[in-house]
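In: could you look at this predicted model? Sequence included:
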Amino acid sequence: MAALWIAHVTVTDPDAYARYAELAGPAVAKHGGKFIARGGRYVQLEGKERPRNVVARFPSVEDAEACYHSPEYQAALDHARGASERELLIVEITD
């Protein structure tokens, strides 16, 4: 079953985070991921507000998790650490 990778982000260092985004995109694509929402308009209804919200669709939970643990994504993530506050989760689609 397909899965969604959902990230809620507050960027604290735009330059470093831009480098993360530049490297993360190809890593996501390499693992079959496709962005379906990336920093667009949103309405916060509950919980902590994060002004950047990203959703990517992957073929499976395993593909999304493999992406996260891949050397390519970890290299990208090095630029996000210290440049953002984030939550990231993977959830299986049930349709």
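Out: That came in fine, so what should we check first?
In: skipping adjacent residues, who's closest to Pro14 in space?
Out: Of all residues not flanking Pro14 in the chain, Ala83 sits nearest, at 7.9 Å (CB to CB, 6 or more residues apart in numbering). Heads up, the C-betas are built off the backbone N, CA and C, glycines and all.
In: surely the one you found and Val11 touch.
Out: Yes - with contact defined as CB atoms under 8 Å, Ala83 counts as touching Val11 (6.7 Å).
In: touching both of these two, which residues are there?
Out: Each of Tyr17 lies in contact with both Ala83 and Val11 under the rule CB atoms under 8 Å, 6 or more residues apart in numbering.
In: so for Lys48, what's the pLDDT?
Out: pLDDT recorded at Lys48 is 93.
In: what about the residue lying closest to it once chain neighbours are set aside, neighbour count?
Out: Nearest residue to Lys48, sequence neighbours excluded (CB to CB, 6+ apart): His8, at 7.7 Å. The number of residues packed near His8 is 19, by other CB atoms under 10 Å.
In: begin at 33, not 1, for the rest of this chat.
Out: Happy to do that; since the first residue is 33 now, the last one works out to His40.
In: what kind of secondary structure is His40 in?
Out: Under DSSP: H, G, I helix; E, B strand; the rest coil, the three-state class of His40 is strand.
In: pretty sure it sits against Asn85.
Out: Yes - His40 is in contact with Asn85 according to CB under 8 Å; the separation is 5.6 Å.
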